[in-house]
Structures are given as C-alpha cells and as structure tokens.
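Trainee: what's the 3D shape of this:
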Amino acid sequence: MSELSLPEPGSILLFGSGETSPTGRKIFEQVFHSLPEKPRLALLETPAGFELNSAQVIGRVAEFFNHRFQNYSPRVEILPARKRGTRNSPDNPEVVSPLLHADLIFMGPGSPSYAVRQLRDSLAWYYLVARHRLGSVLALASAATIAFSTFALPVYEIYKVGEDVHWIEGLDFFSRYGLKLVFIPHWNNSEGGINLDTSRCFMGRERFLRLIEMLPEDITIVGLDEKTTLLMDLSRCECQVKGIGSVTLIHTNHNHTQKETIFPSKPSLRKQSDAISSLVIMANQRAGHVHQYHAGELFPMQDIGHFHPYHPEASLPPGIWHEAVKAYSEKTDETAPSPSDKVLELIRIRELARKDNNWEKADQIRKQVELMGWEILDTNAGPVSRLITTQRMKN
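Mentor: So this is what the prediction gives:
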C-alpha cells in the first residue's frame, strides 16, 4: 500500500446471546460511534442457510439495525450466502463482494456445524478475514460465535439428535493471532428449569466436563453468559466484558508460575462459585486454572493466550489480499483526507535524508510532519503517511 498504511484489525464482538435485545442495542450503540458516517453493514445469512425461513431470520437482524440505528443512516445489506453449489453460494463473488466494503460484518443464529461446512475455505470466508484485518468490526452471535472456534460444538447434533458428545473442527479464526479458542455462548442458560441442566450451551455441566476432557490442553475455553458480550480490541490487545453477566476462561497455565483459580470478587457473584467448582477441578487436572470476569471488567488479551499479530497475505490465497486492499483503498479515498503537497514534499525530503544516513534530519522532519497532523510509517515498500486521529493522539 504505497499511499495508505495498513490499519489496525477491527474489534470483535462475541455475544453470549441477546444481540438484538436492549442490552445488545447498548453495546452496538458504542460500536456505531466508532464507525464511519453512513456505515456499511454486511449481514451473512450462512449459519441459518439450511432453514426454509433463513431470510426471515437474518431479516429481523437487518430490521433491528435499520430501525434502532436510523440516526446513523446505516447501509445494511443481507448476503444470502446460503449453500455451496447454488446461486446463493458463499463462493459466488456477486453474493459476497459487499464484504470487501463493509464497516461491520455480522453473523448470528443457525447451526455451527452447517456454518463451518459452508464457510471453510470459501470466498466469503477469505473476504471476511481480509476485510477484518483491514479494520472492519466483526459481530458474532450464537452459531457464528461457536463456528469461529478452533473446535466447534455441534449443538444440534448432540442436544437435538442425540449423538454422542464430540467436537468438530471449527473455522479456527483466532489461530492467525496465535490463539486456540473454543467459544461457548449461552454459558449460564437455564431454560431447562430445575429438572434439566441446559447451561454450557444446552450441554449441561456433567456432559460439558466430558467434552472438556476431549480437548487438547492448549485450548482456552471462553464461556459467554447470556446477554453478555466479550469485546476484543485487537489494536489495544485488551478485552472487556459488557452486558449483564460474566465471561469464564478455562485454560492451561500458560502465563502463571503456579496453578491459579480466580473466583468472582463481588459478593453478589460469589454464589456462582459452586457452579464452577467442578470446572476448577478439571482445570487443575489439566495444569490450568479458571478466570471469571464480570460486566465492566477489562483484562489483557494475554489472559486468553499468547496473542500476536500476523501478516494477512500469508494466510490468504494469492490475489485475495490484493483484491481486499484495492477495495479498501477505493473506500478510503472516498472519505479520508489526503496529505497536503507540503507534507508529501517533507516525506520525500526525509526519505532522501534517510538514504544519506542523516538520521537527525530525518527525525526532525518526522516531528515536523507530526505537528502538521500526520505520522510517517516506514515499510518495506517505502514510507506511508497516516492521519493522526484524536484517539491516537490521546494514546
């Protein structure tokens, strides 16, 4: 990117449930403040593509965005990428190309296993990965949250069909960042009442313990309470719990010198200790521990795993990344200010100074350009300029 610098990856919203509830609305409200004017929203229909009413399922989400956020004038587009081998395929460029221009990408209800089967190595998947790396926000709920895991929980097959407990290979989105994660929404579900344990995404505690035993020890399990969202800010390498519940982490002892168990600190939440005691025992057997964070708490990404950035071109088929960058450049050119001729001239002079090893002069010019509202990033392809936003100035 000669004229544009690579932006930070977009934030990721992982909903335990309630993405269109009043709680979800408050969370999306905060996200919309960070989006461009008249943001473009791409809603992927894929997880529910096997259902005869899948258009209605995703249509309700579109109505939610159009109605509740009309003050932001969102441009909402439904992508009916329902099934491979059909006109509405996740591999059809005409269907999925809006992903390349989206400011927010949403996927939600349906079947995790169906979503994995339809999206794995699809054009829609590669576009989504590239566009997120170029700054688009990802909002995932229900089946989509599970599908993004390293190992995905086939909820319907176990809970509805009666298959033995097992995992399937997920889309493994976070492995690019060095994270091996399993997401379990509906962590504290209680629809079964006192007679049927439907927690742990309808698996129940006893059955879920057997599922944990099947996972490799380097997996981090992320349990998301209902009406609760985990906001992952990859640019800041931090996470925040939003909503009304908690987020539970069960993982190996990757960043501690000894086994550790962290229980809720608030008195109102201590009664939950009994509910996670069996998980604590299981975690300790795996040389691990349990963390539990409640609404409003911040914690570093390293609490989840050894997070690191990645080079997007290396994880995508040839041509996909360049196609995404081209779309991003065109989109940015529509709205982003360009550096003045004076700034461009200073950048040129600084580059000459660097070639002459005149580092003092180069540093002086860099500071001068920053005072004019721009920063210079030195890349293998040459210097690029980036507007210094108010947020980055605060940082």
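Trainee: lowest-scoring secondary structure element of this structure by mean pLDDT?
Mentor: Within the chain, confidence by mean pLDDT, DSSP states H and E is lowest for helix 390-394 among all helices and strands, at a mean of 40.
Trainee: A strand includes Glu94, no?
Mentor: No: counting by DSSP: H, G, I helix; E, B strand; the rest coil, Glu94 is not part of a strand but helix.
Trainee: now do it, the pLDDT please.
Mentor: The model reports Glu94 with a pLDDT of 94.
Trainee: helices along the stretch 101-250 of the chain, start to end?
Mentor: Counting by DSSP state H, counting those that start in this stretch, the stretch 101-250 of the chain has helices at residues 112-119, 123-133, 143-147, 155, 199-202, 205-213.
Trainee: hmm, who's touching the fifth one?
Mentor: Identification of contacts with helix 199-202 by Cβ atoms under 8 Å, 6 or more residues apart in numbering yields 146, 153, 155, 159, 184-191, 205, 207-208, 223, 275. To be clear about C-beta, it is placed using only N, CA and C from the backbone, and glycine gets the same treatment.
Trainee: report the buried members of these.
Mentor: Buried subset of the contacts of helix 199-202 (neighbour count, 16 or more other Cβ atoms under 10 Å): 146, 153, 155, 159, 184-189, 208, 223.
Trainee: give me the neighbour count for Ile388.
Mentor: Neighbourhood size, Ile388 [other Cβ atoms under 10 Å]: 15.
Trainee: show me what contacts it?
Mentor: Ile388 touches 370, 373-375, counting by Cβ under 8 Å, 6+ apart.
Trainee: how about a cut-off of 10 Å?
Mentor: 369-375 (Cβ atoms under 10 Å, 6 or more residues apart in numbering).
Trainee: pLDDT averaged over stretch 80-91 - what is it?
Mentor: 97.
Trainee: one more: stretch 293-300?
Mentor: The pLDDT scores in stretch 293-300 average 94.
Trainee: stretch 170-190 now?
Mentor: Average pLDDT, stretch 170-190: 96.
Trainee: can you list which of the contacts of Ile388 are found in strands?
Mentor: 374-375 (DSSP state E).
Trainee: counting neighbours, which of the contacts of Ile388 comes out on top?
Mentor: Going by other Cβ under 10 Å, Val369 tops the contacts of Ile388 with 22 neighbours.
Trainee: may I ask which helix or strand encompasses the nearest residue to that one once chain neighbours are set aside?
Mentor: Closest residue to Val369 apart from its sequence neighbours, by Cβ to Cβ, 6 or more residues apart in numbering: Leu346 at 5.3 Å. Assigned by DSSP states H and E, Leu346 belongs to helix 341-355.
Trainee: redo the helices of the stretch 101-250 of the chain as a markdown table? Include distance to Arg87 and mean pLDDT.
Mentor: Putting these into a markdown table (distance: least, Cβ to Cβ, whole Å; pLDDT from 0 to 100) gives the following:
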| stretch | distance to Arg87 | mean pLDDT |
| --- | --- | --- |
| helix 112-119 | 14 | 98 |
| helix 123-133 | 14 | 97 |
| helix 143-147 | 23 | 98 |
| helix 155 | 29 | 96 |
| helix 199-202 | 33 | 95 |
| helix 205-213 | 37 | 91 |
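Trainee: need the winner for burial among the ones you listed.
Mentor: Mean neighbours per residue, mean count of other Cβ atoms under 10 Å, is largest over the helices of the stretch 101-250 of the chain for helix 143-147, with a mean of 29.
Trainee: tell me what that one is packed against?
Mentor: On a contact count with 3 or more Cβ pairs under 10 Å, 6 or more residues apart in numbering; DSSP states H and E, helix 143-147 meets strand 12-15, strand 104-107, helix 112-119, strand 137-141, strand 151-152, strand 181-184.
Trainee: show me what the third one is packed up against.
Mentor: Just to be clear, that refers to helix 112-119. Helix 112-119 sits against strand 40-44, helix 123-133, helix 143-147, strand 151-152, strand 168-169, with contacts defined as 3+ Cβ pairs under 10 Å, 6+ apart.
Trainee: same thing but 8 Å
Mentor: Here helix 112-119 touches helix 143-147, strand 151-152, strand 168-169, going by 3 or more Cβ pairs under 8 Å, 6 or more residues apart in numbering; DSSP states H and E.
Trainee: and what of the fifth one?
Mentor: If you count contacts as 3+ Cβ pairs under 8 Å, 6+ apart, strand 151-152 packs onto helix 112-119, strand 168-169.
Trainee: please repeat the previous calculation with a cut-off of 10 Å.
Mentor: Counting by 3+ Cβ pairs under 10 Å, 6+ apart, strand 151-152 packs on helix 112-119, helix 143-147, strand 168-169, strand 181-184.
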